[in-house]
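Trainee: quick one, fold the following:
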Amino acid sequence: MSNTSNTSDSQSSQSASNSTKGRQRSTTDDDELGPMDVLRQARGQLAELTGMEAESVSSFERTDDGWSLEIEVLELVRVPDTMSLLASYEVTLNPRGELTGYRRVRRYERGRADTRKSGGR
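Mentor: Residues are numbered from 1 along each chain as shown. Predicted coordinates:
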């Protein structure tokens with residue numbers, strides 16, 4: 001019987017250990033997040049605010065104030081899929097990865113080539 005008890009204790013501690021692996025680490029003002037943590041937080045926070053899931057991140061850079069990303073979001077599903085509407089959102093985060101602002105910068109059909117000239121207008 002003691003063997004069964006040890007096995008269940010071992011499984012409980014292993015489950016607790018596994019559940020903490022997927023959690024994000026807590027940060028203080030002095031902690032800097034790595035790029036992957038920033039990407040995950042930006043995508044998650046934008047989805048929570050807009051109700052739309054991010055499809056991809058098309059640009060990502062460190063700024064003096066934190067981070068700046070451009071995230072592609074599926075806004076409207078259409079059939080065929082090439083006619084679905086996507087949007088690019090400019091997202092800013094502070095150094096701790098907290099979203100400080102976002103705005104839609106363009107909207108386009110999935111099947112259309114980008115008509116914007118490189119380097120802006």
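
Trainee: how about low-confidence regions in this protein?
Mentor: Applying pLDDT under 70 to the chain flags the ranges 1-31, 116-121.

Trainee: repeat that with 50
Mentor: Across the chain, residues meeting the criterion (pLDDT under 50) sit at 2, 4-29, 121.

Trainee: helices or strands up against the helix or strand where M36 lies?
Mentor: Remark: M36 resides in helix 35-50, with elements defined by DSSP states H and E. Contacts defined by 3 or more CB pairs under 8 Å, 6 or more residues apart in numbering; DSSP states H and E place helix 35-50 against strand 54-63, strand 66-76, strand 85-93, strand 99-109. (Each C-beta comes from the backbone N, C-alpha and C, glycine too.)

Trainee: right, so of these, which gets closest to R40?
Mentor: Comparison of the helices and strands packed on helix 35-50 against R40 by CB to CB identifies strand 54-63 as nearest, at 10.2 Å.

Trainee: tell me what that closest one is packed against?
Mentor: For strand 54-63, the helices and strands in contact under the criterion 3+ CB pairs under 8 Å, 6+ apart are helix 35-50, strand 66-76, strand 85-93.

Trainee: now distance to R112 and mean neighbour count too, for these, in CSV please.
Mentor: Conversion of the helices and strands packed on strand 54-63 to CSV gives the following (distance: least, CB to CB, whole Å; neighbours: other CB atoms under 10 Å):
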stretch, distance to R112, mean neighbour count
helix 35-50, 22, 16
strand 66-76, 13, 18
strand 85-93, 9, 19
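
Trainee: could I get those as CSV with distance to G101?
Mentor: Converted to CSV, the helices and strands packed on strand 54-63 look like this (distance: least, CB to CB, whole Å):
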stretch, distance to G101
helix 35-50, 10
strand 66-76, 10
strand 85-93, 5
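
Trainee: and of the ones you listed, who's closest to R103?
Mentor: Counting by CB to CB, R103 lies closest to strand 85-93 out of the helices and strands packed on strand 54-63; the figure is 5.5 Å.

Trainee: can you list contacts of the closest one?
Mentor: Judged by CB atoms under 8 Å, 6 or more residues apart in numbering, the contacts made with strand 85-93 from elsewhere in the structure are 38, 41-42, 45-46, 50, 55, 58, 63, 65-76, 78, 99-110.
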